[in-house]
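**Student:** fold the following.
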Amino acid sequence: MKLTKAIITNFRGINGTISVDFGLFNCIVGQNDAGKSTILKAIDTSLNEVKLTRADYNVLADDNQIIIELHFDCEEKEYFLGEEIGTSIEAEELVNAENLLVWKKVWNVTENAVANPKTSIVRKKYSGTNDFVFKTEAQLMAQCNANAIETSKGNGDAYNNVEKREKLREHNLQNNIDFSFEFEEIPGTGTSKAKAIGDAIKKSLPVFQYFKADTSLSDTDTTIQKYFKDMAFKLIKDEIDTDDIEATVKTQLESVLQKVTTKINDVVKSAEKVEPKIEFDWSKLISTSFVSTSSGNNIPLSSRGDGFRRITMMSYFEYLAETDRTDDTQQIIFGFEEPETFLHPSAQENLFDKLNSLKENGYQVITSTHSPTIVGNTLHGNIIHISKPDNIYTVTQNGISYKTIAIDLGIKPDNTFTPLFSTSRLLFLVEGIDDANAMHHNATLYKQAGLIEHTFEDLNINIIPIGGCDSVKHWINLDLFTKLEKPFFIFLDSDKPDPVSVSLNETKLLNYGLASGTDFHISKKRLLENYIHPTALQRLVPNSVITYTDFDHAKNFCKTYADDTIRGHLGGSKVAEKHYCSQTFDELRLTWFDGIDDEFIILYQAINAKLPAQ
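**Tutor:** The predicted structure is shown next:
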């Protein structure tokens, strides 16, 4: 279940209603006091049932309600909605017209207080007596019989409530019964069908783990402790015969407790007799923590600096990012409020990688930040820009001005580039350090083989990792190169899943006014990793059996290799870092040369053509 949208009304700095769309990775940016954390707090309020106060109500609101409405894609997953037979939320039509689950909470606000919220969902409601989703088995049977639909009392197999609703739904469709999508309030008390379904949906909603700016990401955080306690408790239940242990302990304790109980009952009134009671709660036996062995002493993590603790606890998120998730793993939405706090800029790069890895493993990440490092590495489509023009809370997600974001966050062209202008004849811009190393390696071996005369270093060409085509940092730096009229050439992955697709990277560079073959070259294959021939990996990693085509996601092939040991030797997602520069010239030619043209020579010649005369 994935969060796709939040619609928030009169909450904190929001006067009126705003709507925010979410993907797997989301970066909320804006100036100080723009209200970036408001969105995170709204999600926290809804999913973690935070009690609101009058201070959470926008004082300029036109009505007396705070409303938080969350939309979820349930992905057709199976749930048990108060019954023993599994079904899906979409199949039961407990969704809006866009086939999304809507979880809406409304708080009525008085002059002095905020009432407890009322919860509702959107559902498909059929007209007249044709509606059925909240009916009991007896009511469903009666409705089926009235419509001459074959059914019988539930037996858990051929006949059950899910089956009856399916048949009634098909009947309504065939007879063109009118319907509408309406909000249905979930009762807070009672035993109605609506409450049972509402309670089941509530238990199925994603967990929101919220890390605020003023917390230190300590190993004692409740969310982190709960994760490890749940893991340990599951191991106890699965691996240990707890019944036998409990019986042994009870036998030993009861003989003593009974003697104490007898003595108590000797002195109390007969109506106040007591009995011994022994209960077990295995989850309370586990507590986890970390210690630092600094200077030979075991120092609790809580005693180390905030930066050290944050770096250490990021390993928790890295573990989640690398651990295989199963279909029955409850979805987690991670909310980070300024996670870069206390971290050095170099550590912020590492932080971004870890947050992005969570996304790649299927978790949702929503982070608010002031960090140019994090924003600079975030894809344009994942940025949520918060601003307050004329004191009106405004959310921008499409057509965001890079210049505006740069001004808000103080993003400036990397100072590391400025010394290069005096020495470089040309700046060769690539995505990452692996690409830079690969280009140097290619040039060295091609020169040794006599196919080119000079390496890039020989020509005073500096190869600079500048990030992906969509990163804010890329465009800020590219704008600088353009203004200073410094010659540059760009090499990017095509990211194409097949030979006939259009590379989005190529489209964006063309839209920026650059010319293919003159200003940039898009790889013919999908990724840099596709230029590592499988036979090279089989040589470098003995016993590995791996093969992929030019447009397979070669990195994922290595990252998901079945054998743990071989996967480690392959390098997983870091296969290019580990193995690209170990390839021989003959192995390079297997991927760069197609029998007619050598793509590296074409790239090299295009770069040479842009070199200014000496």
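
**Student:** what residue lies at the spatial centre of this structure?
**Tutor:** residue 364 (2.3 Å; Cα atoms, centre = their mean).

**Student:** on the pLDDT front, check that residue for me.
**Tutor:** Per-residue pLDDT puts residue 364 at 92.

**Student:** okay, and the nearest residue to it once chain neighbours are set aside sits in which element?
**Tutor:** Nearest residue to residue 364, sequence neighbours excluded (Cβ to Cβ, 6 or more residues apart in numbering): residue 333, at 4.4 Å. Every C-beta, even on glycine, is put in place using the N, C-alpha and C of the backbone. Take DSSP states H and E as the rule and residue 333 turns out to sit in strand 332-337.

**Student:** quickly run through the sheet partners of that strand, with directions.
**Tutor:** Sheet pairing of strand 332-337 (DSSP bridges) gives strand 207-211 (parallel), strand 364-368 (parallel).

**Student:** of all these, which lies closest to residue 597?
**Tutor:** Among the strands paired with strand 332-337, the nearest to residue 597 by Cβ to Cβ is strand 364-368 (41.5 Å).

**Student:** buried residues in that closest one?
**Tutor:** In terms of neighbour count (16 or more other Cβ atoms under 10 Å), strand 364-368 has its buried residues at 364-368.

**Student:** pick the one among these closest to residue 251.
**Tutor:** The shortest gap between residue 251 and any of the buried residues of strand 364-368 belongs to residue 364, at 48.7 Å (Cβ to Cβ).

**Student:** now for that closest one: which residues touch it?
**Tutor:** 2-3, 22, 24-26, 206, 331-334 (Cβ atoms under 8 Å, 6 or more residues apart in numbering).

**Student:** got it, and residue 278?
**Tutor:** Residue 278 neighbours (Cβ under 8 Å, 6+ apart): 249-250, 253-254, 257.

**Student:** repeat that with 6 Å
**Tutor:** Going by Cβ atoms under 6 Å, 6 or more residues apart in numbering, residue 278 touches 250, 253.

**Student:** how would you label it: helix, strand or coil?
**Tutor:** Taken by DSSP: H, G, I helix; E, B strand; the rest coil, the conformation at residue 278 corresponds to coil.

**Student:** pLDDT (mean, whole number) over the helix ranked longest in the chain?
**Tutor:** In terms of residue count, the longest helix belonging to the chain (DSSP state H) is helix 242-265. Helix 242-265 shows a mean pLDDT of 77.

**Student:** just the buried residues of that helix, please?
**Tutor:** residue 261.

**Student:** which residues touch that helix?
**Tutor:** Here helix 242-265 makes contact (Cβ under 6 Å, 6+ apart) with 273-274, 276, 278, 280.

**Student:** circling back to that earlier point, any chance of TSV for the strands paired with strand 332-337, columns distance to residue 139?
**Tutor:** Formatted as TSV, the strands paired with strand 332-337 follow (distance: least, Cβ to Cβ, whole Å):
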stretch	distance to residue 139
strand 207-211	34
strand 364-368	38
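
**Student:** about what we covered before: give me the lowest-pLDDT entry from the contacts of residue 364.
**Tutor:** Lowest confidence among those: residue 331, with 82.

**Student:** circling back to that earlier point, output the contacting helices and strands for the next helix or strand after the strand holding residue 333.
**Tutor:** Using DSSP H and E, the helix or strand that follows strand 332-337 in sequence is helix 345-360. Secondary-structure packing of helix 345-360 (3 or more Cβ pairs under 6 Å, 6 or more residues apart in numbering; DSSP states H and E): helix 306-322, strand 364-368, helix 372-377.

**Student:** quick one: work out the angle between helix 345-360 and strand 364-368.
**Tutor:** 150 degrees (axes from the mean of the first three to the mean of the last three Cα atoms, to 10 degrees).

**Student:** chain center to helix 345-360, what's the gap?
**Tutor:** In terms of Cα atoms, centre = their mean, to the nearest Å, the centre of helix 345-360 is found 12 Å from the chain centre.

**Student:** buried ones in it?
**Tutor:** 347-348, 351-352, 354-359.

**Student:** strands of the stretch 401-550 of the chain, residue ranges please.
**Tutor:** For the stretch 401-550 of the chain, the strands defined by DSSP state E, counting those that start in this stretch occupy 426-430, 461-465, 488-492, 520-522.

**Student:** right, and those - which one's nearest residue 75?
**Tutor:** Residue 75 lies closest to strand 488-492 among these, at 31.8 Å (Cβ to Cβ).

**Student:** show me the contact partners of stretch 89-99.
**Tutor:** Contacts of stretch 89-99 (Cβ under 6 Å, 6+ apart): 74, 76, 101-102, 121-124, 181.

**Student:** could I get it in PDB with only the CA atoms?
**Tutor:** Extracted C-alpha coordinates of stretch 89-99, given in PDB (Å, rounded to 0.1, in the frame of the first residue of the first chain):
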ATOM      1  CA  ILE A  89     -10.000  -3.200  -1.100                       C
ATOM      2  CA  GLU A  90     -10.300  -2.500  -4.800                       C
ATOM      3  CA  ALA A  91     -12.500  -5.600  -5.400                       C
ATOM      4  CA  GLU A  92     -14.800  -4.500  -2.600                       C
ATOM      5  CA  GLU A  93     -15.000  -1.000  -4.200                       C
ATOM      6  CA  LEU A  94     -13.900   0.700  -1.000                       C
ATOM      7  CA  VAL A  95     -12.100   3.200  -3.200                       C
ATOM      8  CA  ASN A  96     -12.700   6.500  -5.100                       C
ATOM      9  CA  ALA A  97     -13.200   6.900  -8.800                       C
ATOM     10  CA  GLU A  98      -9.400   6.700  -9.300                       C
ATOM     11  CA  ASN A  99      -9.400   3.300  -7.600                       C
END
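
**Student:** quick one, domains of this protein?
**Tutor:** Listed domain ranges for the chain are 133-176, 246-284, 415-609 (source: automatic domain parsing).

**Student:** any chance of the ones you listed in TSV, with distance to residue 192 too?
**Tutor:** Below are the domains of the chain laid out as TSV (distance: least, Cβ to Cβ, whole Å):
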stretch	distance to residue 192
domain 133-176	7
domain 246-284	32
domain 415-609	46
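
**Student:** just name the most buried of these.
**Tutor:** domain 415-609 (a mean of 17; mean count of other Cβ atoms under 10 Å).

**Student:** I'd like the mean pLDDT over that one, please.
**Tutor:** For domain 415-609, mean pLDDT is 88.

**Student:** gap between the two ends of stretch 182-192?
**Tutor:** End-to-end span of stretch 182-192 (Cα to Cα, to the nearest Å): 19 Å.

**Student:** same question for stretch 508-527.
**Tutor:** Note: stretch 508-527 ends 17 Å apart using Cα to Cα.

**Student:** what does stretch 578-596 give?
**Tutor:** One end of stretch 578-596 to the other measures 29 Å (Cα to Cα).

**Student:** quick one: contacts of it?
**Tutor:** When contacts are defined by Cβ under 6 Å, 6+ apart, stretch 578-596 is touched by residues 437-438, 441, 445, 449, 531-533, 536, 540, 571, 598-600.

**Student:** same check on stretch 331-341?
**Tutor:** With contact meaning Cβ under 6 Å, 6+ apart, stretch 331-341 is reached by 1, 3, 37, 40, 206-213, 348, 363-369, 371.

**Student:** output it as CSV, restricted to C-alpha atoms.
**Tutor:** Only the C-alpha atoms of stretch 331-341 are listed here, as CSV (Å, rounded to 0.1, in the frame of the first residue of the first chain):
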residue,chain,number,x,y,z
GLN,A,331,4.7,-1.0,4.1
ILE,A,332,6.7,1.7,5.9
ILE,A,333,6.7,5.4,5.1
PHE,A,334,9.8,7.0,6.5
GLY,A,335,9.4,10.7,7.3
PHE,A,336,12.6,12.6,7.9
GLU,A,337,12.7,16.2,9.0
GLU,A,338,16.0,17.8,8.1
PRO,A,339,18.0,14.5,8.4
GLU,A,340,21.2,16.3,7.4
THR,A,341,21.3,18.1,10.8
